[in-house]
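# sequence and computational prediction follow.
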Amino acid sequence: MSLIGSVIFSGPAFITPKYRSSVIFFPAHTNSISKSLLDQHTSGKQDLLAFGAEEESEQMLQILHSDLIRETIIKRFGLLEHYGIGPEEKYPLTKLKKEFRANISFSRTEFLSVRIDVLDKDPKLAAAIANEIAALADTLKNSMQNERAQAALSLLVRAIDEKKESVRLKEDSLKNIRAKGVIDYKNQSLIWNEEYAKAFSDFSNERAALSVLEQYKSPEDSSVINTKARIQGAKSRVENLQVKLNLLADLGGASVSLNEELSLEREELSRMQEQLGKLKIDANQNLSSKFTVNQAYPAEEKSYPVRWLIILITVSGAMMISIALILLNEQYKDIQYKI
């Protein structure tokens with residue numbers, strides 16, 4: 001009887017058969033496409049073609065368990081109606097979540113790949129849901145990364161604009177200094193100091209020569225007149241060079257400082273612009289973050305319930321109960337006999 005009963009009650013009239021469809025994929029290792037493509041020092045962990053490890057599998061499982069994926073699948077496939085849950089029932093959403101968890105599961109395999117399993121009475125629907133969840137996981141991960149990259153991109157664009165303005169202001173200040181005559185502080189300082197020393201030496205020598213000539217020559221003598229002219233010329237050169245050296249003393253420090261700051265800021269601006277190019281790639285990339293091993297397809301054979309297992313358990317249980325009852329009955333008879 002137990003055999004007949006288990007056969008009858010495990011049939012489709014009492015237990016709705018369900019079909020299993022599965023998707024298996026490996027998460028990709030790298031998260032930054034630009035780093036994989038443009039970085040000259042790319043390591044194995046940044047390889048665009050590298051499979052993910054335990055960390056990436058755990059991250060992908062967390063994404064698969066997200067509310068966004070669950071709610072999207074529920075709405076897209078009308079699972080509230082499909083599972084026969086009426087909106088007027090008590091706690092319909094709680095029942096729907098329990099049904100979702102009972103029929104849709106995510107796990108990590110021993111090989112660190114991720115597996116999506118979907119059970120449903122409609123084999124085509126089970127396959128469609130499994131494939132859609134895998135696609136959504138890809139979309140959601142890309143969306144999360146792109147959103148973060150877009151935020152970083154906005155911050156970097158603002159920082160670049162500020163850096164450009166800083167460079168422009170320093171360039172304007174440097175132009176003003178150059179307009180006043182300080183173009184190359186180091187070379188000008190060297191040349192003007194040499195010229196000043198020579199002009200001052202000429203001035204001193206001509207004055208010494210004049211003092212000697214005035215002892216022996218009259219003021220109208222051409223040699224005295226020429227010497228005085230040379231002294232005046234040397235004095236003018238000394239005064240002119242002194243003005244230039246004073247200008248260097250006043251503006252030379254600012255010129256050197258601005259040049260050094262400009263050099264550093266231009267290098268920094270160049271690095272920021274290079275980083276901007278990389279961020280643009282990451283902010284707009286839509287590359288799959290997984291390597292699909294098996295896509296889901298409609299199953300031909302049901303996976304639930306396993307009738308032979310139900311029958312085996314039922315028959316075994318019935319036999320054990322029967323044996324227990326027989327033993328109890330024998331013990332009862334022994335007790336009655338002794339009494």
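Arrived safely.
# domain ranges for the protein?
According to automatic domain parsing, the chain comprises the domains 1-17+305-339, 181-281.
# so residue 214 versus residue 242, what's the distance?
27 Å (Cβ to Cβ, to the nearest Å). Quick note: C-beta positions are derived from backbone N, CA and C, even for glycine.
# err, residue 296, not the other one
89 Å.
# please apply the same query to residue 153.
55 Å.
# okay, the two: which has more neighbours?
residue 153 (19 against 14; other Cβ atoms under 10 Å).
# can you tell me the helix or strand for the more buried one?
helix 123-179 (DSSP states H and E).
# show me what that helix packs onto, helices and strands only.
Helix 123-179 is packed against strand 19-27, helix 54-64, helix 67-76, strand 114-120, helix 222-284, strand 290-294, with contacts defined by 3 or more Cβ pairs under 8 Å, 6 or more residues apart in numbering; DSSP states H and E.
# residue 92: which of those is closest?
helix 67-76 (11.3 Å; Cβ to Cβ).
# give me every residue that touches the nearest residue to residue 196 once chain neighbours are set aside.
Spatially, and ignoring its direct neighbours in sequence, residue 196 is nearest to residue 241 (4.2 Å; Cβ to Cβ, 6 or more residues apart in numbering). Contacts for residue 241 (Cβ atoms under 8 Å, 6 or more residues apart in numbering) come out as 192, 195, 196, 199.
# before we move on, which element is the last one in?
Counting by DSSP H and E, the element that carries residue 199 is helix 185-216.
# other SSEs contacting that helix?
Looks like helix 185-216 contacts helix 222-284 (3+ Cβ pairs under 8 Å, 6+ apart).
# picking that back up, want to throw the contacts of residue 241 into CSV with distance to residue 218, pLDDT and neighbour count?
Listed next are the contacts of residue 241 as CSV, based on distance: Cβ to Cβ, whole Å; pLDDT from 0 to 100; neighbours: other Cβ atoms under 10 Å:
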residue, distance to residue 218, pLDDT, neighbour count
192, 38, 83, 18
195, 34, 87, 16
196, 34, 84, 17
199, 28, 83, 21
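# if we can go back for a sec, now the helix holding residue 199: buried residues?
For helix 185-216, the buried set under the neighbour-count rule, 16 or more other Cβ atoms under 10 Å, comprises 185, 188-189, 192, 195-196, 199-200, 202-203, 206, 210, 213.
# same check on stretch 74-90?
74, 77, 79, 80, 83, 85.
# for these, which one is nearest residue 144?
Closest to residue 144, out of all of the buried residues of stretch 74-90 and judged by Cβ to Cβ, is residue 74, at 20.5 Å.
# show me what contacts the closest one?
80, 96, 100.
# again with residue 245
189, 192, 193, 196.
# residue 269 versus the spatially closest residue to residue 130 that is not a sequence neighbour, what's the distance?
Once flanking residues are discounted, residue 130 sits nearest to residue 296: 3.6 Å by Cβ to Cβ, 6+ apart. As judged by Cβ to Cβ, residue 296 and residue 269 stand 50 Å apart.
# cool, residue 213 as well?
64 Å.
# check residue 118 too.
From residue 118 to residue 269 the distance is 52 Å (Cβ to Cβ).
# check residue 256 too.
Taking Cβ to Cβ, one finds residue 256 at 20 Å from residue 269.
# repeat that for residue 231.
From residue 231 to residue 269 the distance is 54 Å (Cβ to Cβ).
# likewise for residue 182?
Taking Cβ to Cβ, one finds residue 182 at 24 Å from residue 269.
# looking at these two, which is more packed in?
residue 182 (21 against 16).
# the more buried one touches residue 189, doesn't it?
No. With contact defined as Cβ atoms under 8 Å, residue 182 does not reach residue 189; the gap is 9.5 Å.
# what sits in contact with each of those two?
Contacts common to residue 182 and residue 189, judged by Cβ under 8 Å, 6+ apart, are 248, 252.
# what's opposite residue 115 in the beta bridge?
Legend: beta-bridge partners of residue 115 under DSSP bridges are residue 24, residue 107.
# report the contact partners of it.
22, 23, 24, 106, 107, 108, 109.
# tell me, how many residues neighbour residue 149?
Applying other Cβ under 10 Å, we find 22 residues neighbouring residue 149.
# make that residue 282, sorry
Residue 282: 19 neighbours (other Cβ under 10 Å).
# for it, which non-adjacent residue is spatially closest?
residue 149 (4.2 Å).
# the one you found and residue 278 touch, don't they?
No. Applying Cβ under 8 Å as the test, residue 149 and residue 278 come out as separate, 9.5 Å apart.
# name the residues contacting each of the two.
By Cβ under 8 Å, 6+ apart, no residue touches both residue 149 and residue 278.
# which stretches of the stretch 1-150 of the chain have low pLDDT?
1-15, 30-52 (pLDDT under 70).
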